[in-house]
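Undergrad: build me a model from this:
(one chain, ligands or ions: 3)
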Amino acid sequence: MGGVGGERPGSLRVGLLDSTLREGEQTPGVSFTVEQKLEIARLLDQAGVAMIEAGHPSVAPDVREAVRRIIGLKREGIIRGAEIVAHSRAARSDIEEAASLEPDRVAIFYGVSDIHLRYKHRVSREEALSIIGEMVEYAREHGVKVRFTAEDATRADYGFLVEAVRAARDAGADRVSIADTVGIATPYAMRRLFESLRRDVPGVEYDVHAHNDLGLAVANSLAAAEGGATIIHVTVNGLGERAGIAPLEQVAVALKRHYGVEVVDLKLIPQLSRLVERYSGVPVPPNAPVVGENAFIHKAGVHVAGVLRNPETYEPYPPEWLGRTRDYTIDKYTGRRGLQARLERLGVRVSEEELQKILQEVKRRSGARWLRDEDLLEIAEEVTGRALRPRPPEEIEALVTVKCEANVYTTSVARRLSVIPGVEEVAEVTGENDILLRVRARSPVELNQVVEAIRGTRGVRETYTMLVLRRIPLSDGARPQAAGRG
Ligand SMILES: CC(=O)SCCNC(=O)CCNC(=O)[C@H](O)C(C)(C)COP(=O)(O)OP(=O)(O)OC[C@H]1O[C@@H](n2cnc3c(N)ncnc32)[C@H](O)[C@@H]1OP(=O)(O)O
Ligand SMILES: O=C(O)CCC(=O)C(=O)O
Ligand SMILES: [Mg+2]
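TA: Ligands and ions are numbered 1, 2, ... in the order given. Presented below is the predicted three-dimensional model:
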């Protein structure tokens, strides 16, 4: 492959620390239950993350309980590979509480920028160095591995940062996390910072923790890894304080795409993303990289024509990496090639002239929305004058009630359902159910497929299907009169 995007900057020795359960729960409005945390932790381990930051036990009883039980899963061998990390302030009480649960590692954070020293900790640099040394040593006395986190490291004076990292290393920390706590680093500065630290303070391994306030978290994390960081902190869907931190899914795919490193099983990413979306209640936008609904949906005719010949024309990596599939929409942006391919997929062959007419009609009708296959076939029938849709003697009509998962937007689910072929009407309703659908199918097998598609839609918890046995046509005389004073 040529060009800038095809360059391989070289291989990296790097793994992921997932902090969905700690940093991710610092997202405003997010609170996972203990059971949800266990489920997320198990899936993260299955995916192959190197470390799970399970929480900060001193925060609240349920946070402590989740950390305790995740450590229990590790002990029982249910979580197999991931190292379990407990977060802690540089305070004896926090360290004792964290260490008493016997995690693999305690991570002790302490702000190292002058802003943090002066306004938050209200200590001098000398005092800070002795607190860092003492607290790391105190944790080590409890028999756990220790990571020291230099919080706000990217705004710290470099000379002092070096002293702080040395103090942590000399007291027994084998890892140091360099945190871009307010997301102000640039990739170039980040790479140089890690290169310098590795030169000036060898003998420890480095983590990078990059916030996304300026949308640079992924770029900064990759740059840090190029500079020598061996662990990248991520959260599923990029959850975290303010704009969050580097999203697991983006970092994992970028590492494979750019460096040929597969740090997690990419095929588990869609499941992880949906699970965390559901439990966090934070919706994944359709245009989110990797996990967004539109990540592999093409629209413009020129793109579709290219993708039909070779998907690489408009895809940086194939959806198959994630077990996803590509698709394209039919609307006013469609061109001849895409339209023809779609018609062929539907088993419809048309002449050049008919194709042109259908295209004109598509462009005239679609407006802001995209056309379903059914709509397209209807247009094609009108243009060609041929019956293109098989018409069995009877159609089955059904009403399907849908209950949505807690914490999902009913309107998003309704929108997803509305594009399922066979779904003719969608209404959001009050009462026990959230959505009512009118469905039409040509056979019981087809009805079953439609219902399966509904049940498999993200956000759908439960469905109930009622077959319509008979419709009673209302004669004019039987039609209820509008209430009026007349
Ligand atoms: C950048 C990051 O995200 S780091 C992770 C931050 N994590 C959290 O804050 C977890 C959620 N926090 C909490 O539940 C609470 O803040 C607790 C339990 C940690 C502490 O609660 P409280 O004791 O009531 O203190 P409060 O939150 O009001 O203030 C923080 C105190 O911790 C001190 N502190 C802050 N950071 C540190 C640190 N790294 N090491 C030691 N002490 C610290 C502050 O100076 C302040 O002390 P003060 O009360 O003497 O002024
Ligand atoms: O412990 C860490 O590595 C990071 C702490 C944190 O969340 C931050 O500084 O933003
Ligand atoms: Mg953070």
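
Undergrad: spell out which residues of the stretch 101-250 of the chain are next to ligand 1.
TA: 109-110, 120-121, 151, 181, 241 (Cβ under 6 Å from any ligand atom). The C-beta positions use only the backbone N, C-alpha and C, and glycine is treated the same way.

Undergrad: among those residues, which are within reach of ligand 2?
TA: Answer for those near ligand 2 (Cβ under 6 Å from any ligand atom): 109, 151, 181.

Undergrad: if we can go back for a sec, filter the residues of the stretch 101-250 of the chain next to ligand 1 down to the ones in strands?
TA: 109-110, 151 (DSSP state E).

Undergrad: okay, the residue of the stretch 201-350 of the chain found nearest ligand 1: pLDDT?
TA: For the stretch 201-350 of the chain and ligand 1, the shortest gap (Cβ to the nearest ligand atom) falls at residue 241, measuring 5.6 Å. pLDDT, residue 241: 98.

Undergrad: what about the residue lying closest to it once chain neighbours are set aside, how many residues nearby?
TA: In space, and not counting its chain neighbours, residue 241 is closest to residue 26: 4.8 Å by Cβ to Cβ, 6 or more residues apart in numbering. Using other Cβ atoms under 10 Å, residue 26 has 17 neighbouring residues.

Undergrad: so residue 400 sits in a helix?
TA: No. Per DSSP: H, G, I helix; E, B strand; the rest coil, residue 400 lies outside any helix segment and is strand.

Undergrad: which one is it nearest to, not counting chain neighbours?
TA: Excluding the flanking residues, the one nearest residue 400 by Cβ to Cβ, 6+ apart is residue 437, at 4.4 Å.

Undergrad: just to revisit the earlier point, selecting buried members of the ones next to ligand 2 among the residues of the stretch 101-250 of the chain next to ligand 1 in ChimeraX, what would you type?
TA: With 16 or more other Cβ atoms under 10 Å as the criterion, this ChimeraX line picks the buried residues out of these:
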select :109,151,181
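
Undergrad: would you format the ones next to ligand 2 among the residues of the stretch 101-250 of the chain next to ligand 1 as TSV with pLDDT included?
TA: As requested, these are exported to TSV (pLDDT from 0 to 100):
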residue	pLDDT
109	98
151	98
181	98
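
Undergrad: between the ones next to ligand 2 among the residues of the stretch 101-250 of the chain next to ligand 1, which is closest to residue 342?
TA: Distance to residue 342 across those (Cβ to Cβ) is lowest for residue 181, with 48.9 Å.

Undergrad: so what's that closest one up against?
TA: Listed by Cβ atoms under 8 Å, 6 or more residues apart in numbering, the contact set of residue 181 reads 111, 151-155, 209, 211.

Undergrad: in three-state terms, label residue 11 for me.
TA: Put simply, residue 11 is coil when judged by three-state DSSP.

Undergrad: is it in contact with residue 261, as I believe?
TA: Yes. Applying Cβ atoms under 8 Å as the test, residue 11 and residue 261 come out as touching, 6.4 Å apart.

Undergrad: ok, the residue in the stretch 201-350 of the chain that ligand 2 sits nearest to - contacts?
TA: Using Cβ to the nearest ligand atom, the point where the stretch 201-350 of the chain gets nearest to ligand 2 is residue 209, with a distance of 3.9 Å. Taking Cβ under 8 Å, 6+ apart, we find residue 209 in contact with 19, 23, 149, 177-181, 233, 245.

Undergrad: what sits closest to residue 163 if chain neighbours are left out?
TA: Nearest to residue 163 is residue 129, by Cβ to Cβ, 6+ apart, at 5.9 Å.

Undergrad: okay, and the one you found sits in which element?
TA: Assigned by DSSP states H and E, residue 129 belongs to helix 125-141.

Undergrad: with just CA atoms, put that helix into CSV.
TA: Extracted in CSV, the C-alpha atoms of helix 125-141 (Å, rounded to 0.1, in the frame of the first residue of the first chain):
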residue,chain,number,x,y,z
ARG,A,125,7.1,20.3,45.3
GLU,A,126,9.3,18.8,48.0
GLU,A,127,6.3,17.8,50.1
ALA,A,128,4.7,16.2,47.0
LEU,A,129,7.8,14.1,46.3
SER,A,130,7.9,12.7,49.8
ILE,A,131,4.1,12.0,49.8
ILE,A,132,4.5,10.1,46.5
GLY,A,133,7.5,8.1,47.8
GLU,A,134,5.9,7.3,51.1
MET,A,135,2.5,6.3,49.6
VAL,A,136,4.1,4.0,47.0
GLU,A,137,6.2,2.4,49.6
TYR,A,138,3.2,2.0,51.9
ALA,A,139,1.3,0.2,49.2
ARG,A,140,4.2,-2.0,48.4
GLU,A,141,4.4,-3.1,52.0
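
Undergrad: most neighbours, which of the contacts of residue 209?
TA: Highest neighbour count within these, by other Cβ under 10 Å: residue 245, with 33 neighbours.

Undergrad: what is that residue paired to in the beta sheet?
TA: With DSSP bridges as the criterion, residue 245 is bridged to residue 211.

Undergrad: please verify my assumption that it contacts residue 215.
TA: No. Residue 245 is beyond contact range of residue 215, at 12.0 Å (criterion: Cβ under 8 Å).

Undergrad: still on that earlier bit, of the contacts of residue 181, which is the nearest to residue 75?
TA: Nearest to residue 75 among those is residue 209, at 26.8 Å by Cβ to Cβ.

Undergrad: list the neighbouring strands of the one helix or strand the closest one maps to plus their orientation.
TA: Element membership for residue 209 (DSSP H and E) is strand 205-210. According to DSSP bridges, strand 205-210 forms sheet pairs with strand 175-180 (parallel), strand 231-234 (parallel).

Undergrad: my read is residue 223 is in a helix, agree?
TA: Yes. Assessed by three-state DSSP, residue 223 belongs to a helix.

Undergrad: for it, give me its contacts.
TA: Applying Cβ under 8 Å, 6+ apart, one finds that residue 223 lies in contact with 187-188, 190-191, 194.
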